[in-house]
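Peer 1: Sequence first, predicted model second:
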Amino acid sequence: MDEFTFADAVPLAWTFHRGTARWLFNASAGGESPPVVPGRENGALPWTPLPTAELPAVTLSDAVQARVSCRRFLADPLTPAEVAVLLRAAYGIGTRSGPAMQDRPPPSGGGLYPLELTLLVRAVENLEPGVYHYVPAANGLERVQSIELPAAFLTYLFMGQPWVAEAAVITVLSFAGGRSLTKYGDRGYRYALLEAGHTMQNLNLAVAALGLGCVNLGGFYDDELAVLAGIDVESELPLYCCAIGRPDAAPDDRMRMRALERAEGD
Ligand SMILES: Cc1cc2nc3c(=O)[nH]c(=O)nc-3n(C[C@H](O)[C@H](O)[C@H](O)COP(=O)(O)O)c2cc1C
């Protein structure tokens, strides 16, 4: 078998990665930091405040051990309190002293927080099904559109993965490039992917701490998802999704989760 090389196997990825290998840190736009903004909230959309998030007092050890992909969900809705905890842990704005916009659970290159979270809601108590944009600074959701999300549509959107349509909520993590690339240039794209990982891990651990289930999703059609989520791909890119719901197994029962997963593949 031929020896693997990036250049032969994945020339696009190789070109990007090597093209940003010797990059003067902060050199783009003279290293100027753009202002830190809380998000791309619209302000004119219907508004739903979230309850104050009470992060569950679960040990790190328990949360880490309970984290596992879940691909079988019950039909039960999530509560607004659970949604508030998930969003706060993933990308919320906190109450520490210092610059308010930079008090967030995940780290962020330059403290610029270029990510956005959108929720595709199928089943949350007191929230009609639809698409909602999370506004961390005001701890609430603005409704992008009311829309039923039929199973066949979601299964298509997520490339034939039927478990996505069983979830109560699907989070869409996207990258608003103007908020960090004016400082970091092309290399900043790497940082956005890394930050998405930090953010998603926080979300995963919060899911585990609440006894919920989730599966992270890299498989989706970018353009269709962007249209549904109200995202303009010219300036903001969907990166990473997560389907969340009540698991059809105890969340810390890793072996049972894996067995269910295998059964799905049979
Ligand atoms: C970047 C990334 C993308 C993923 N995309 C999908 C996906 O589209 N569908 C899916 O069912 N699982 C997806 N997963 C979940 C992995 O399959 C899962 O984490 C892996 O099999 C390990 O199992 P565990 O999470 O139960 O420990 C993804 C995971 C990562 C990190």
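Peer 2: Cool, the structure landed.
Peer 1: Check the secondary structure at Leu173 for me.
Peer 2: Reduced to three states with DSSP: H, G, I helix; E, B strand; the rest coil, the structure at Leu173 is strand.
Peer 1: Looking at it now. What's its pLDDT?
Peer 2: The model reports Leu173 with a pLDDT of 98.
Peer 1: same thing with Glu41?
Peer 2: Note for Glu41: predicted pLDDT of 87.
Peer 1: just checking, it touches Val135?
Peer 2: Yes - counting by Cβ atoms under 8 Å, Val135 is a contact partner of Glu41 at 4.5 Å. No exception for glycine: its C-beta is placed from N, CA and C like everyone else's.
Peer 1: Show the end-to-end separation of stretch 223-242, please.
Peer 2: End-to-end distance for stretch 223-242: 17 Å, by Cα to Cα, to the nearest Å.
Peer 1: just to revisit the earlier point, could you pull out the residues contacting both of Glu41 and Val135?
Peer 2: Residues touching both Glu41 and Val135 (Cβ atoms under 8 Å, 6 or more residues apart in numbering): Glu142.
Peer 1: Compare neighbour counts for those two and give me the winner.
Peer 2: For Glu41 versus Val135, the count of surrounding residues by other Cβ atoms under 10 Å is larger for Val135: 25 against 18.
Peer 1: Where does Cys241 sit, in terms of helix or strand?
Peer 2: Taking DSSP states H and E as the definition, Cys241 sits inside strand 236-245.
Peer 1: ok, that strand near the ligand or not?
Peer 2: No - contact of strand 236-245 with the ligand (Cβ under 6 Å from any ligand atom) is absent, the minimum separation being 6.6 Å.
Peer 1: How about stretch 53-66?
Peer 2: No - Stretch 53-66 lies out of reach of the ligand by Cβ under 6 Å from any ligand atom, never closer than 11.0 Å.
Peer 1: List the buried residues of that stretch.
Peer 2: Neighbour-count burial for stretch 53-66 flags Ala53, Val58, Ala63, Ala66 (criterion: 16 or more other Cβ atoms under 10 Å).
Peer 1: First-to-last residue distance for that stretch?
Peer 2: 21 Å.
Peer 1: tell me how far it is from the chain's mean position?
Peer 2: A distance of 19 Å separates the centroid of the chain from that of stretch 53-66, by Cα atoms, centre = their mean, to the nearest Å.
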